[in-house]
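A.B. asks: got a predicted structure here, sequence first:
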Amino acid sequence: MNRSQRKAAFNGLIVSALSGLLASGCSRAGVVLGQTPVDLSLPEGIAVGFNHRTGHRYRSPLSGAWRTGDNLEQMLIEAIQSAEEEILVAVQDLSLPRIAQSLVAATGKGVSVKVILENNYSTPWSQQHELDLRRHGRQRLQRLRALADEDQNGLISLEEAQNHDALRILQNGPIPWIDDTEDGSKGSGLMHHKFVVIDGERVITGSANFTNSGMHGDAGAPQTRGNVNHLISIQSPTLATVFKQEFAQMWGDGPGGSNDSRFGRNKTPQPQQTIKAGTVNISVLFPPHAKSHQGHGLDVIEEQLGSAKRTIDLALFVFSAQQLTNKLAQRISAGAKVRLLADPGFASRSFSEVLDLLGLALPDRFCKLEAGNQPLSKPLKGIGTPGLARGDKLHHKFAVIDNKTVITGSFNWSPSAAHTNDETLLVIHSPLLAKHFTREMDRMWRGAELGITQRMSRKVEKKRAKCGSGMNRD
């Protein structure tokens with residue numbers, strides 16, 4: 001089999017991994033009784049997976065039970081297994097041992113592998129102690145230890161640690177990795193990327209971290225199915241070159257070198273670049289940028305929202321950018337229909353723009369209102385939060401504009417994403433791809449709670465009792 005045949009075979013594997021098996025006996029809301037759901041077409045060279053989607057299913061690596069969704073972990077593993085020359089990984093958190101094992105196996109075939117992590121997630125968990133960690137870190141450590149405890153005796157043996165600690169597996173590989181302290185600093189805002197580049201020809205990116213909670217669910221919590229996420233695979237040497245350039249800035253000369261790695265605002269800022277992948281136009285931006293930089297991440301999104309004539313669908317983990325609320329209000333006045341679903345835990349925070357869209361102003365813990373806060377005088381109707389299992393989050397960061405343009409990547413809709421963090425922001429112009437994201441939006445919309453939720457109401461009443469009407473910031 002020659003190289004081009006192997007590429008074709010790999011593309012088939014990716015599509016197969018995402019197609020899975022039809023979920024017999026599962027809910028099929030919106031499908032005419034007696035019909036078989038017809039899968040949607042995709043642009044050539046592009047595949048996309050959603051870990052909560054209906055119509056597909058796979059066996060959960062946590063429980064072994066069948067569950068609905070696309071297996072995002074298997075999508076990554078098959079991409080890694082296809083590599084012949086080089087694998088570049090930049091991800092905030094990598095704790096899945098099977099992905100680490102696949103990377104080590106690739107080096108055994110002569111493939112060059114490099115990994116960049118966020119400094120808060122770059123220590124092998126088997127070398128951590130709970131007393132040294134904050135609450136979130138302790139909870140993460142407890143979950144990872146529970147997954148590794150094969151004999152359920154409450155103790156982690158050396159063998160269990162070596163088999164289940166993903167970073168220890170990389171360490172023993174040995175596979176080189178760095179984090180965002182490699183430049184000699186204490187770390188950037190967040191090294192928040194989630195991308196893989198295979199052989200300088202294929203990019204896999206999206207909203208998912210490479211963790212069980214990001215894909216499958218939490219250890220010891222069988223009701224969870226993982227944070228609601230997606231990954232997109234794009235075959236394009238041109239796009240891969242753009243991602244390799246971003247990786248090279250962060251990597252520098254690698255671990256233990258001359259501190260020439262560049263993260264956050266220390267990177268040379270790059271403008272938005274537009275490439276063509278087959279027939280699809282894709283624009284890519286790698287934040288952060290200064291607030292004075294024209295064309296920073298929030299500007300890019302504002303421009304796309306401003307182009308909307310009919311519909312805007314939004315599925316967001318974090319939404320805290322006032323300029324985007326202002327642009328949405330303009331498009332609504334012009335007749336565009338908006339649907340927005342936000343993570344329930346984030347939606348009711350004092351700096352959430354979801355509250356603005358619902359006409360609410362919520363003081364913070366100091367009884368002060370956000371500076372420049374501008375709640376809409378007329379609340380929107382198409383705003384809500386999805387129904388999720390306790391412990392799961394809506395972790396998407398996507399928008400669909402007029403059923404033809406998709407905004408996606410690691411980029412949360414916040415000032416910190418635009419001006420502090422290392423992020424990926426993609427704008428993909430493809431009606432075929434947009435249908436897949438619209439279907440995901442429709443799936444979440446069917447179980448969503450719209451308007452001011454009970455959770456929000458309780459929080460507002462509690463704040464009013466404590467703060468009265470609140471005070472504006474100086």
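C.D. replies: Cool, the structure landed.
A.B. asks: C-alpha only now, for contacts and for neighbours.
C.D. replies: Will do.
A.B. asks: list the helices and strands the helix or strand containing residue 242 packs on?
C.D. replies: Element membership for residue 242 (DSSP states H and E) is helix 237-251. Contacts defined by 3 or more CA pairs under 8 Å, 6 or more residues apart in numbering; DSSP states H and E place helix 237-251 against strand 86-91, strand 194-198, strand 202-206, strand 273-277.
A.B. asks: nearest to residue 459, of the ones you listed?
C.D. replies: Each of the helices and strands packed on helix 237-251 has some distance to residue 459 by CA to CA; the shortest is strand 202-206, at 31.9 Å.
A.B. asks: for the helix or strand following that closest one, C-alpha coordinates in CSV please.
C.D. replies: Later in the chain than strand 202-206, the nearest helix or strand by DSSP H and E is helix 212-215. Taking only C-alpha atoms (Å, rounded to 0.1, in the frame of the first residue of the first chain), the coordinates of helix 212-215 have been written out as CSV:
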residue,chain,number,x,y,z
ASN,A,212,-12.2,11.1,30.7
SER,A,213,-14.2,14.0,32.0
GLY,A,214,-13.8,15.7,28.6
MET,A,215,-15.0,12.8,26.6
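A.B. asks: average pLDDT for helix 212-215?
C.D. replies: Averaging pLDDT along helix 212-215 gives 96.
A.B. asks: over to stretch 239-255?
C.D. replies: pLDDT averaged over stretch 239-255 equals 97, rounded to a whole number.
A.B. asks: buried sites along it?
C.D. replies: 239-244, 246-247, 249-252, 254-255 (16 or more other CA atoms under 10 Å).
A.B. asks: reformat those as CSV; add distance to residue 164.
C.D. replies: Listed next are the buried residues of stretch 239-255 as CSV, based on distance: CA to CA, whole Å:
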residue, distance to residue 164
239, 33
240, 31
241, 33
242, 33
243, 29
244, 29
246, 30
247, 27
249, 31
250, 27
251, 26
252, 29
254, 25
255, 24
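A.B. asks: tell me the contacts of the closest residue to residue 197 other than its chain neighbours?
C.D. replies: In space, not counting the residues next to it along the chain, residue 197 is nearest to residue 203; the distance is 4.7 Å by CA to CA, 6 or more residues apart in numbering. When contacts are counted by CA atoms under 8 Å, 6 or more residues apart in numbering, residue 203 is found next to 195-197, 233-236, 239-240, 243.
A.B. asks: below-threshold pLDDT in the chain: ranges please.
C.D. replies: Per-residue confidence for the chain (pLDDT under 70) gives these ranges: 1-38, 469-474.
A.B. asks: care to break it down by domain?
C.D. replies: Using automatic domain parsing, the domain parsing of the chain gives 3-26+45-124+161-251, 269-472.
A.B. asks: could you dump those into a markdown table with distance to residue 130 added?
C.D. replies: Written out in a markdown table, the entries for the domains of the chain read as follows (distance: least, CA to CA, whole Å):
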| stretch | distance to residue 130 |
| --- | --- |
| domain 3-26+45-124+161-251 | 13 |
| domain 269-472 | 21 |
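A.B. asks: pick the most buried one from the helices and strands packed on helix 237-251.
C.D. replies: Among the helices and strands packed on helix 237-251, ranked by average contacts under mean count of other CA atoms under 10 Å, first place goes to strand 194-198 (a mean of 26).
A.B. asks: then stretch 161-170 to CSV, C-alphas only?
C.D. replies: Written as CSV, here are the backbone C-alpha positions of stretch 161-170 (Å, rounded to 0.1, in the frame of the first residue of the first chain):
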residue,chain,number,x,y,z
ALA,A,161,0.7,4.0,38.2
GLN,A,162,2.8,3.0,35.3
ASN,A,163,-0.2,1.6,33.4
HIS,A,164,-2.6,4.5,34.1
ASP,A,165,-0.7,7.7,34.6
ALA,A,166,-0.6,9.2,31.0
LEU,A,167,2.3,11.6,31.7
ARG,A,168,4.3,8.8,33.4
ILE,A,169,3.7,6.7,30.3
LEU,A,170,5.1,9.6,28.2
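A.B. asks: just the buried positions in that stretch, please.
C.D. replies: The neighbour-count criterion (16+ other CA under 10 Å) identifies 161-162, 164-170 as the buried residues of stretch 161-170.
A.B. asks: report the contact partners of residue 311.
C.D. replies: Each residue near residue 311 by CA under 8 Å, 6+ apart is listed here: 336-338, 400-403.
A.B. asks: try residue 188
C.D. replies: Listed by CA under 8 Å, 6+ apart, the contact partners of residue 188 are 180-181, 263-265, 420-422.
A.B. asks: the residue positioned nearest the centre of the chain and residue 171, how far apart?
C.D. replies: When the chain is reduced to its mean C-alpha position, the nearest residue by CA atoms, centre = their mean turns out to be residue 207, at 1.3 Å. Taken as CA to CA, to the nearest Å, the spacing of residue 207 relative to residue 171 amounts to 26 Å.
A.B. asks: also residue 306?
C.D. replies: With the distance defined as CA to CA, residue 306 ends up 47 Å from residue 171.
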